[in-house]
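In: this one's sequence-less:
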């Protein structure tokens with residue numbers, strides 16, 4: 001059990017149970033440094049933080065601490081594509097090659113934008129051997145994806161495109177709009193909404209970033225067996241999540257591998273978003289309603305992107321997954337959010353951002369201590385339960 005931690009920030013009347021659940025994450029679930037934010041009907045109701053941001057220096061978690069959130073990045077990336085669709089600049093049902101002609105190579109001429117967004121394009125990994133430096137540079141991955149033959153027949157199965165999703169989406173945005181995704185995010189999401197969210201963070205914010213702490217090793221033979229089923233060498237999970245091992249660093253896990261200023265500054269739109277809990281919650285809230293005068297997605301766009309587009313056994317994650325157009329959708333066992341109206345994205349280790357159309361909430365949780373849970377995280381589940389209790 002952990003020791004008590006001072007929780008700082010804002011908790012509106014009636015939301016005390018959320019603060020209690022957040023505190024329990026430190027005392028019962030091993031959190032080291034974390035933040036949580038909740039918007040209800042476009043208004044901030046909870047914005048709290050606590051613990052230690054950097055265990056090597058003892059730097060406390062502050063109001064402006066930032067966190068790399070792995071795949072929670074995919075939600076805002078999907079919002080960018082949704083904006084282009086909303087403006088009539090992009091059709092989800094069109095072949096990717098309409099916008100990006102070189103993509104058609106090797107049997108991909110019919111692969112649609114929707115298939116890319118719903119992880120059914122068969123491009124969860126690339127066969128070309130790429131170095132870590134090439135992957136961080138991004139362009140070599142985009143070119144390898146142009147040449148790649150689908151790993152399964154597009155549209156016939158779902159297999160989480162853990163890292164490749166980002167370069168695919170980023171290049172589609174660049175071809176349609178002309179701006180790279182980092183610029184698009186800054187000008188279309190972060191700027192209008194007043195958020196701290198970057199894909200490709202500027203050097204001046206690096207001192208605010210909380211280094212990630214690797215997840216502890218599996219505690220039981222059963223956990224080890226589950227981990228090897230997903231991440232054992234040669235599995236689709238290993239290929240997709242580590243780029244065939246190129247993104248791993250010796251003696252470290254995912255956290256250690258991404259505590260690298262070169263990664264913070266790069267554009268890896270599936271996995272290297274730098275943000276805070278309030279920005280995640282604010283982004284999702286703005287998909288549902290106006291937040292300080294800005295609404296990101298119109299109701300018909302939101303309905304389009306949150307419709308189930310793929311569901312079933314995931315070739316990468318070895319669980320049941322459920323996706324709309326770039327968003328994870330609520331799935332009771334493996335992707336639990338608020339309920340059937342939820343859409344969002346979790347990140348490796350535990351971060352989570354989501355919106356819920358029924359409850360009108362935007363939810364954001366970020367942390368530095370990673371866990372290895374593949375079936376929902378007790379920290380975010382506890383927060384969700386507390387929100388549910390407060391909303392009655």
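Out: Yep, that arrived. All values reported here derive from a predicted model rather than from experimental measurement. Residues are numbered from 1 along each chain as shown.

In: please report how far residue 34 lies from residue 301.
Out: 32 Å (CB to CB, to the nearest Å). No exception for glycine: its C-beta is placed from N, CA and C like everyone else's.

In: who's in contact with the residue lying closest to residue 378 once chain neighbours are set aside?
Out: The shortest distance from residue 378 to any non-neighbouring residue, by CB to CB, 6 or more residues apart in numbering, is to residue 29 (5.3 Å). Contact partners of residue 29, counting by CB atoms under 8 Å, 6 or more residues apart in numbering, are 378-379, 382.

In: of these, buried ones?
Out: 379, 382 (16 or more other CB atoms under 10 Å).

In: reformat the contacts of residue 29 as CSV; add distance to residue 20, pLDDT and secondary structure.
Out: As requested, the contacts of residue 29 are exported to CSV (distance: CB to CB, whole Å; pLDDT from 0 to 100; DSSP: H, G, I helix; E, B strand; the rest coil):
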residue, distance to residue 20, pLDDT, secondary structure
378, 14, 94, helix
379, 13, 97, helix
382, 9, 98, helix
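
In: which single one of the contacts of residue 29 is nearest to residue 364?
Out: Nearest to residue 364 among those is residue 379, at 12.8 Å by CB to CB.

In: I figured the closest one hits residue 32, correct?
Out: No - contact between residue 379 and residue 32 fails when scored by CB atoms under 8 Å: they sit 11.5 Å apart.

In: what's the overlap in contacts for these two?
Out: What both residue 379 and residue 32 touch, as defined by CB under 8 Å, 6+ apart, is the set residue 367.

In: who's in contact with the helix or strand bottoming out on mean pLDDT in the chain?
Out: Sorted by mean pLDDT, DSSP states H and E, the helices and strands of the chain end with helix 221-231, the least confident at a mean of 85. For helix 221-231, contacts defined as CB under 8 Å, 6+ apart pick out 218, 235, 237-238, 241-242, 316-318, 372, 374.

In: taking the residues you listed together, which two end up most distant?
Out: 218 and 316 (19.1 Å).

In: neighbour count for these two, which is higher?
Out: Higher neighbour count among residue 218 and residue 316: residue 316, with 22 against 14, using other CB atoms under 10 Å.

In: distance check, the spatially most central residue of the chain against residue 129.
Out: Among the residues of the chain, the one closest to the centroid is residue 72, at 1.5 Å (CA atoms, centre = their mean). Going from residue 72 to residue 129 by CB to CB gives 29 Å.

In: again with residue 147
Out: Counting by CB to CB, the gap from residue 147 to residue 129 is 13 Å.

In: where in the protein is pLDDT low?
Out: 1-2, 374-375 (pLDDT under 70).

In: 50 instead?
Out: By pLDDT under 50, the chain contains no weakly predicted segment.

In: just the strands in it please.
Out: Remark: strands assigned in the chain by DSSP state E are 7-11, 33-40, 43-54, 59-60, 67-68, 197-198, 274-275, 310-313, 320-323, 328-329, 342-346, 352-356, 361-367.

In: so can I have TSV of the ones you listed showing mean neighbour count?
Out: Shown next, in TSV, are the strands of the chain (neighbours: other CB atoms under 10 Å):
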stretch	mean neighbour count
strand 7-11	16
strand 33-40	28
strand 43-54	22
strand 59-60	16
strand 67-68	29
strand 197-198	22
strand 274-275	26
strand 310-313	15
strand 320-323	21
strand 328-329	24
strand 342-346	27
strand 352-356	29
strand 361-367	30
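
In: tell me, how many residues neighbour residue 56?
Out: 7.

In: name the nearest residue to it, ignoring sequence neighbours.
Out: Using CB to CB, 6+ apart, the closest residue to residue 56 is residue 211 (7.4 Å).

In: ok, that neighbour - contacts?
Out: Contacts of residue 211 (CB under 8 Å, 6+ apart): 54-56, 255, 259, 368.

In: distance to residue 359 for those - can I get that in TSV?
Out: Shown next, in TSV, are the contacts of residue 211 (distance: CB to CB, whole Å):
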residue	distance to residue 359
54	35
55	35
56	39
255	32
259	35
368	28
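
In: out of those, the closest to residue 161 would be?
Out: Relative to residue 161, and with distances defined as CB to CB, the nearest of the contacts of residue 211 is residue 255, at 21.4 Å.

In: what about the closest one, distance to residue 328?
Out: 21 Å.

In: now do residue 283
Out: Residue 283 is 15 Å from residue 328, by CB to CB.

In: equivalent analysis for residue 114, please.
Out: Distance from residue 114 to residue 328, by CB to CB: 16 Å.

In: number of residues surrounding residue 62?
Out: Other residues close to residue 62 by other CB under 10 Å number 14.

In: list the contacts for it?
Out: 49, 53, 208.
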